[in-house]
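Trainee: Model the structure of this input:
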Amino acid sequence: MRYSFKAWFYGHFFHTICKPQYKVAGVKSRNVGKIVKEHKAITIRAKDMNDEKLLSSYIMGIYFIAMNRCTGLSPEDNYKILESSLKKSSMFRKGLGTAEAYLDEKYIPRRLKWAEESKKRKNENNWVLDVLPSCEDYDLGYDYHECGICKICKDEGCFELAKYLCQLDFMMADLMNAKLVRTTTIAEGGDLCDFRYSLKNPQNM
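Mentor: Residues are numbered from 1 along each chain as shown. Okay, here's the model as predicted:
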């Protein structure tokens, strides 16, 4: 994959927010430096995703792989570092926005077009999905039939790491004050990942 400015920027962002947590966790400075080199190496050999909507998620998957190869910590501990770092990042929280904005139906046409484009499989490691407009059970649904993070983890011989990043979806929904219901994921052996988002009840906000 071309090591574009966007690919570099997302990797730099994840590394910058995680560095304080590495110190707390006792990760040696030389190992922290190795993460940057490993992240770049994986990115360069990865299948291209530079022009895809979920490039930031793809790069996050690559960064998590690099973490697990360099920190000397367990996948669980590396996940905790990444999750904690994202929660503390004001830039990340601002980028997520609010549940009301995320679930606004005016974005449905754009999302439906995105889903149709994904089925063309222009890039091999892209996500492939269906978008499900609101109904009585939820405000917005996604059925992901293929997952880019699962693909890059499989390519790198560490498919077992993908399931940890699935947990971030609930954290992100919570930061937006949205409710996420999901019963199955590809990372854990399912045929798809079924995301169902709703506004939280006022009493739970």
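Trainee: what residue is smack in the middle of this protein?
Mentor: S57 (3.7 Å; C-alpha atoms, centre = their mean).
Trainee: which other residues reach the helix or strand that that residue is a member of?
Mentor: Secondary structure from DSSP states H and E places S57 in helix 55-70. The list of residues contacting helix 55-70 from outside it, by C-beta atoms under 8 Å, 6 or more residues apart in numbering, reads 6-7, 10-11, 14-15, 18, 31-32, 34-36, 38-39, 42-43, 46, 49, 52, 73, 75, 78-79, 81-82, 125, 148-149, 152-153, 156, 158, 161-162, 164-165. For the C-beta atoms, the positions are set from N, CA and C on the backbone; glycine is no exception.
Trainee: From those residues, which land in helices?
Mentor: 6-7, 10-11, 14-15, 18, 31-32, 34-36, 38-39, 42-43, 75, 78-79, 81-82, 148-149, 152-153, 162, 164-165 (DSSP state H).
Trainee: ok, of these, which come out buried?
Mentor: 7, 10-11, 14-15, 18, 32, 34-35, 38-39, 42-43, 78-79, 81-82, 148-149, 152-153, 162, 164-165 (16 or more other C-beta atoms under 10 Å).
Trainee: Tell me, how many residues neighbour the closest residue to D77 other than its chain neighbours?
Mentor: Nearest non-adjacent residue to D77, counting by C-beta to C-beta, 6 or more residues apart in numbering: A25, 6.7 Å away. When counting by other C-beta atoms under 10 Å, one arrives at 16 neighbours for A25.
Trainee: do the same with L168
Mentor: By other C-beta under 10 Å, 17 other residues sit near L168.
Trainee: what residues are up against it?
Mentor: Going by C-beta under 8 Å, 6+ apart, the list of residues near L168 reads L82, E83, L86.
Trainee: Go through stretch 47-62 and flag the buried ones.
Mentor: For stretch 47-62, burial by neighbour count (16+ other C-beta under 10 Å) applies to D48, M49, E52, L54, L55, S56, S57, Y58, I59, M60, G61, I62.
Trainee: Checking my notes, I108 in a helix, right?
Mentor: Yes. Assessed by DSSP: H, G, I helix; E, B strand; the rest coil, I108 belongs to a helix.
Trainee: From R182, how far out is it?
Mentor: I108 is 20 Å from R182, where distance means C-beta to C-beta, to the nearest Å.
Trainee: Ok, Y164 next?
Mentor: Taking C-beta to C-beta, one finds Y164 at 15 Å from R182.
Trainee: Point out where this structure drops to low pLDDT.
Mentor: 202-205 (pLDDT under 70).
Trainee: try 80 this time
Mentor: Filtered on pLDDT under 80, the chain yields the residue ranges 201-205.
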